[in-house]
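Trainee: predicted model, plus sequence, below.
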Amino acid sequence: MGKLNLFLYSRQRNNSERISAMTLVVIGVFDGVHRGHQEILNRAKELAGGEKIIALTFDPHPTTVFAPERAPSLLTTLADRVELLKIHNADQVAVIKFTKEFAALSPQDFVKNVLVGQLEATKVVVGKDFTYGFKAAGNIETLTESGKELGFEVIALDLMVEDDHKISSTKIRTYLIEGKVEVARELLSRPHRLDGVVVHGEKRGREIGYPTANLGELEGQTIPADGIYAGWLTVGIDRWPAAISIGTNPTFEGARARQVEAYALDQVGLELYEKKATIEFGWRLRDTLKFDGLDPLLEQMAKDCARARELTQL
C-alpha cells in the first residue's frame, strides 16, 4: 500500500519534513503527556545517544474509530500534545491520521510501512503493554522479532507506578471528572487546561461586578466536575490569576446550559469576545451551590476570589 497520512512536526521550522537517518521512535497516544509519558521520553533521551527522537502518535484517539460511543474525552488537544512532546525531549513529532484503513494494517505492515519505510527507525521505545496492528495482534515479542529481521532495536520500558497504580490518561480523566484537579495536576506535572474561544453568554457576571470569559468550542476536551476553582486565564500573551466556575448557575431562575467561565482577578475593561483563550485549573474551592438570593451569592463570590487570589500567588 502507499504511504499513510503522516504529519511531521519539528523543533526547527525549516526542517519540518526531514527525518534523520538515525532515529529513535517512541510510540504512544500520549494523551495528556503525563508523568508516565514523560518518564518514557526521559529514558528515550538517555537511550538515544546521538540519534534523533521521534514521538509517534495518533489522531484521532483510536477508540473514536473502533467504538465511537466509548471514545474518551481528551486531556490535551492535538496542538498541545505536539508541543508538550517537543518540550519533553522529542526532536520531532509524527502524527498518523488514525483511520479504519490504518487500523486494518497487519503488525508486519505497520512495521514495514511506518516504522521502517517512513520513519527509518533504528531504535523503537514502547511501554511493556504496547500492542499494535489489526486487532492488536502485535506485541513486544512480535515487534522484537521484526526488529531483528529489519535492523532496529526494541526497548520495552516498565510503566510508571504511583501508590500501586499505573499512571494513566484514563485515571487522570477520572480524577478530573470527579473535580480532583489537584491530583490531576500532580500526575500531569502541570495544571489541566481547556482551550477554547470566548463566546457571548448571559453577561450576568458583568451585571454583578464579576465579568467572566465564557469558553466555547470545548468539544472533546475533559471538563472537570461542576464547581468553583482557582487557576489562570490566558489570552494571547496575557495570563491572569482567575476564579473559575463550571456549572449552570443554579441561583438564577430558568434552565441554562452548562458553562465554563473564568473571572480574571482584578482586571477591568477586558474585551475578550471571539479571542482564543486557555483556562488552567489549579485548585478546587467548593461545589456549585444554589444561594438564597443575590446577596449571599455575592458574599461567597468575594470569598472565592480572595481565596483564588491567595492560591495563585503562592
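Mentor: Received it, and whenever you're ready, just let me know what you need.

Trainee: can I have the longest helix along the chain written out in PDB, keeping just the CAs?
Mentor: Ranked by residue count under DSSP state H, the longest helix found in the chain is helix 294-312. What follows is helix 294-312, C-alpha atoms only, in PDB (Å, rounded to 0.1, in the frame of the first residue of the first chain):
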ATOM      1  CA  LEU A 294     -28.000  37.600  45.100                       C
ATOM      2  CA  ASP A 295     -26.500  39.000  48.400                       C
ATOM      3  CA  PRO A 296     -25.300  35.700  49.800                       C
ATOM      4  CA  LEU A 297     -24.000  34.700  46.400                       C
ATOM      5  CA  LEU A 298     -22.000  37.900  46.100                       C
ATOM      6  CA  GLU A 299     -20.700  37.400  49.600                       C
ATOM      7  CA  GLN A 300     -19.500  33.900  48.700                       C
ATOM      8  CA  MET A 301     -18.000  35.100  45.400                       C
ATOM      9  CA  ALA A 302     -15.900  37.700  47.200                       C
ATOM     10  CA  LYS A 303     -14.600  34.900  49.500                       C
ATOM     11  CA  ASP A 304     -13.900  32.700  46.400                       C
ATOM     12  CA  CYS A 305     -11.900  35.400  44.700                       C
ATOM     13  CA  ALA A 306      -9.900  36.200  47.800                       C
ATOM     14  CA  ARG A 307      -9.000  32.500  48.100                       C
ATOM     15  CA  ALA A 308      -8.200  32.200  44.400                       C
ATOM     16  CA  ARG A 309      -6.000  35.300  44.700                       C
ATOM     17  CA  GLU A 310      -4.100  33.800  47.600                       C
ATOM     18  CA  LEU A 311      -3.600  30.400  46.000                       C
ATOM     19  CA  THR A 312      -2.500  31.600  42.600                       C
END
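
Trainee: quick check: buried residues in that helix?
Mentor: Leu297, Gln300, Met301, Asp304, Cys305, Arg307, Ala308, Leu311, Thr312 (16 or more other C-beta atoms under 10 Å). Glycine gets a C-beta too; all of them are placed from N, C-alpha and C.

Trainee: measure how buried His165 is and give me the count.
Mentor: 9 (other C-beta atoms under 10 Å).

Trainee: dig out what it forms beta bridges with.
Mentor: Beta bridges link His165 to Glu162 when assigned by DSSP bridges.

Trainee: pretty sure it sits against Thr174.
Mentor: No. The pair His165 / Thr174 is not scored as a contact, 11.1 Å apart, by C-beta atoms under 8 Å.

Trainee: and after the lowest-mean-pLDDT helix or strand in the chain, which helix or strand comes next?
Mentor: Sorting the helices and strands of the chain by mean pLDDT, DSSP states H and E puts helix 204-207 at the bottom, at a mean of 66. Later in the chain than helix 204-207, the nearest helix or strand by DSSP states H and E is strand 213-216.

Trainee: so in that sheet, which strands flank that following strand, and in what orientation?
Mentor: Applying DSSP bridges, one finds strand 213-216 paired with strand 192-199 (antiparallel), strand 259-264 (antiparallel).

Trainee: to Thr142, which of these lies closest?
Mentor: Thr142 lies closest, by C-beta to C-beta, to one member of the strands paired with strand 213-216: strand 192-199, at 35.7 Å.

Trainee: can you report how many residues lie near Ala225?
Mentor: Ala225 has 17 nearby residues by other C-beta under 10 Å.

Trainee: the longest helix of the chain packs against which elements?
Mentor: strand 227-235, strand 238-247, strand 276-286 (3 or more C-beta pairs under 8 Å, 6 or more residues apart in numbering; DSSP states H and E).

Trainee: tell me which of those lies nearest to Lys123.
Mentor: strand 276-286 (35.0 Å).

Trainee: show me what contacts Lys200?
Mentor: Lys isn't right for residue 200; it's His. Taking C-beta atoms under 8 Å, 6 or more residues apart in numbering, we find His200 in contact with Asn214, Tyr273.

Trainee: please read the previous query as pertaining to Thr76.
Mentor: Asp31, Gly32, Val33, Leu84 are the contacts of Thr76 under C-beta under 8 Å, 6+ apart.
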